[in-house]
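[1] Build the 3D model from these lines:
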Amino acid sequence: MRAAIYARVSTQRQADDQTIDQQITRLKDHVTEQGWMLDPEHIYRDDGYSGAKLVRPGMDSLRDRAAFNEFDVVLIMTPDRLARNYVHQMVVLEELSKRHVDVQFVDRPLSDDPHDRLLLQIRGAVAEYERTLITERMRRGRLMKYKTGQLLPWSHIPYGYQTDPECPRDPRGVTLDEAEAAIVRQMFAWYLEPDGTVYRVAKRLTDMGLPTPMGKSCWSTSTVRGILKNTAYRGITYANRLRTETPNQRKSALRPVGRRSESLRVRPEDEWIPIEVPAIVDVETFERVQTRLAQNKQNASRNNKTYQYLLRGLVSCGWCQLSATARTTGRKKKYHYYVCRGHSESLRFALADRCTSRFMPARQLDDLVWQDVCDVLMEPELIAHALERAHGGHWLPQELKSRLQGLARAQQQLERQKQRLLDAYLAEVISLDELERKRTHIDQKTKAITIQHSQLEATTAERLELAQVATSIETFCAQIRPVLTEASFEQKRQLVELLIDRVIVTDDQVEIRYVMPTRPDGPQVPFCQLRADYRRDVWRYEETWL
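    Below is the predicted model of the structure:
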């Protein structure tokens, strides 16, 4: 019999201690005792991979080779080496069983007996419980070490520091990399110059040919800003500062949230645990830089409201799907544009590409969109027409009611046929076989009519809901219409933020994506809170204008 073996350890320390080699040795001995054949290519191992996840290179190779029928039996020490999650265990066992591959556990042999299967389920549940318990104990142990200053919170060593290779997480082994520390001090000094900005610092570092902390040739503004804001450089770092949660932000309004299943959020400051490290800059310099960062953020072009841009923050480029920022140019500051972020130098460095879309004249675009908003609000039948088109036709309450009545009459007729059929059988006019055959035929018709009735009722409810939506939209338009002609810029801006999701410009084409409130409290809810998932208190449709 052709055999394969699988071994796994959870941590790198277990791998370094060669506990996985002990598993492989025992599994090889068992193969020899059984007289089976073991090809060295069929020794699969996962060093330092958690059993809580099913995606492991060794396990993936094992499952791939099993699909080609390269072995007949797989040996594993215990079920928890296969997976810590019972569901994962069942997935792999069922998959291998379909490939006609037997799985045997050396330390805990199982058979097809129901008691053994029950025992496997219990052991899988216990393994999952043990993993949760271990995770909680490790979390509390880390917090205790953080509080006593015995453990560093760094997953990556900050630029300018180095740690003891023997104890990389020990705060007492942290020292300065003098060459990198000098660059960090220079970065703080450059930023405090009169014309210092994050972008200028990044450009000077790139022009000097200095590699980034990740070894790249181009410094990004986010890397520089991260260094300038890192409290470690003033002599203190914080543990328990971040927590993971489901991501809810997008890089662009036209792109999905992202592939990552978790994102980081800052905890309340009273939960942070301070840990002392060697300082690179003094506290005064660090605080001056933080003040300057806050001021520059306040005065940044994206937050500068000196010029009135009606669609600020709502315009996107149709080519690269990035947002467009407002920009004023010219000696007398008389030219106003929306410019795709793909034109910026920092993005060009990061993406090795540059968007070739044209600058969008701001005043023309603002006037075009505002005129369209007025047209929509002055003529709500446009919205009703788009709503009908989006949902496949006109609302026909009378026709739907007539069809429902017809289905009800058909159901009553089928019930009468079943009763007459039963009377005929009791009168011995037809046989039992004939009764069953005809009754089955009637039941099939009844089932089909019942399904049609359910579908028609759902359609009727949808049409009624759409009619209510149309009525509420018309009411909203009637409330807003009187202020359109005399609206100030601030009022126009509030209305545009409420009604427009996105304005997408692709050369000479402008696509306006509207969102209409359909509940009384709709106008009070800023759309920035609704944009991610389009909640039920708004209704959305799109129009394209050339």
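
[2] Residue ranges of each domain in the chain, please.
    With domains defined by automatic domain parsing, the chain comprises 2-142, 161-298, 310-391+487-546, 395-481.

[3] mind putting the ones you listed in JSON lines, distance to residue 155, mean pLDDT and mean neighbour count included?
    Every residue, glycine included, has its C-beta placed from N, CA and C. Below are the domains of the chain laid out as JSON lines (distance: least, CB to CB, whole Å; pLDDT from 0 to 100; neighbours: other CB atoms under 10 Å):
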{"stretch": "domain 2-142", "distance to residue 155": "12", "mean pLDDT": "81", "mean neighbour count": "16"}
{"stretch": "domain 161-298", "distance to residue 155": "10", "mean pLDDT": "85", "mean neighbour count": "15"}
{"stretch": "domain 310-391+487-546", "distance to residue 155": "22", "mean pLDDT": "72", "mean neighbour count": "16"}
{"stretch": "domain 395-481", "distance to residue 155": "49", "mean pLDDT": "74", "mean neighbour count": "13"}
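
[4] In CSV, list those along with distance to residue 153.
    Converted to CSV, the domains of the chain look like this (distance: least, CB to CB, whole Å):
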stretch, distance to residue 153
domain 2-142, 9
domain 161-298, 4
domain 310-391+487-546, 27
domain 395-481, 51
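
[5] can you tell which of the ones you listed is closest to residue 151?
    If you check each of the domains of the chain against residue 151 by CB to CB, domain 161-298 wins as the nearest, at 5.4 Å.

[6] Residue 501: what secondary structure?
    With DSSP: H, G, I helix; E, B strand; the rest coil as the basis, the three-state label of residue 501 is strand.

[7] what separates it from residue 482, distance-wise?
    When distance is defined by CB to CB, to the nearest Å, residue 501 is 25 Å away from residue 482.

[8] circling back: for the domains of the chain, which one sits closest to residue 150?
    With CB to CB as the criterion, residue 150 lies closest to domain 161-298 of these, at 7.3 Å.

[9] Would you state the helices of the stretch 251-400 of the chain in chain order?
    Using DSSP state H, counting those that start in this stretch, the helices of the stretch 251-400 of the chain run over residues 283-298, 345-351, 362-378, 381-390, 397-426.

[10] Could you provide the ones you listed in CSV, with additional columns for distance to residue 219?
    Formatted as CSV, the helices of the stretch 251-400 of the chain follow (distance: least, CB to CB, whole Å):
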stretch, distance to residue 219
helix 283-298, 17
helix 345-351, 8
helix 362-378, 31
helix 381-390, 47
helix 397-426, 64
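
[11] between the ones you listed, which one is nearest to residue 57?
    Going by CB to CB, the one of these nearest residue 57 is helix 345-351, 30.2 Å.

[12] The strand or helix carrying residue 87 - contacts with which helices or strands?
    Here residue 87, judged by DSSP states H and E, is contained in helix 86-98. Contacts defined by 3 or more CB pairs under 8 Å, 6 or more residues apart in numbering; DSSP states H and E place helix 86-98 against helix 57-67, helix 79-82, strand 102-105, helix 114-147.

[13] export the ones you listed to TSV and tack on distance to residue 204?
    Shown next, in TSV, are the helices and strands packed on helix 86-98 (distance: least, CB to CB, whole Å):
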stretch	distance to residue 204
helix 57-67	42
helix 79-82	53
strand 102-105	60
helix 114-147	36
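
[14] Residue 312: which of these is closest?
    Counting by CB to CB, residue 312 lies closest to helix 114-147 out of the helices and strands packed on helix 86-98; the figure is 42.8 Å.

[15] any idea how far residue 423 lies from residue 415?
    Using CB to CB, residue 423 is found at 13 Å from residue 415.

[16] follow-up on the earlier one: if we compare the helices of the stretch 251-400 of the chain, which one ends up closest to residue 46?
    Of all these, helix 345-351 sits nearest to residue 46, with 34.4 Å by CB to CB.

[17] and the closest residue to residue 99 other than its chain neighbours, how far is that from residue 59?
    In space, and not counting its chain neighbours, residue 99 is closest to residue 66: 4.7 Å by CB to CB, 6 or more residues apart in numbering. Computed as CB to CB, the residue 66 to residue 59 distance reads 11 Å.

[18] Check residue 89 too.
    12 Å.

[19] And for residue 342?
    Relative to residue 59, residue 342 is positioned 41 Å away (CB to CB).

[20] Please apply the same query to residue 291.
    According to CB to CB, residue 291 and residue 59 sit 52 Å apart.
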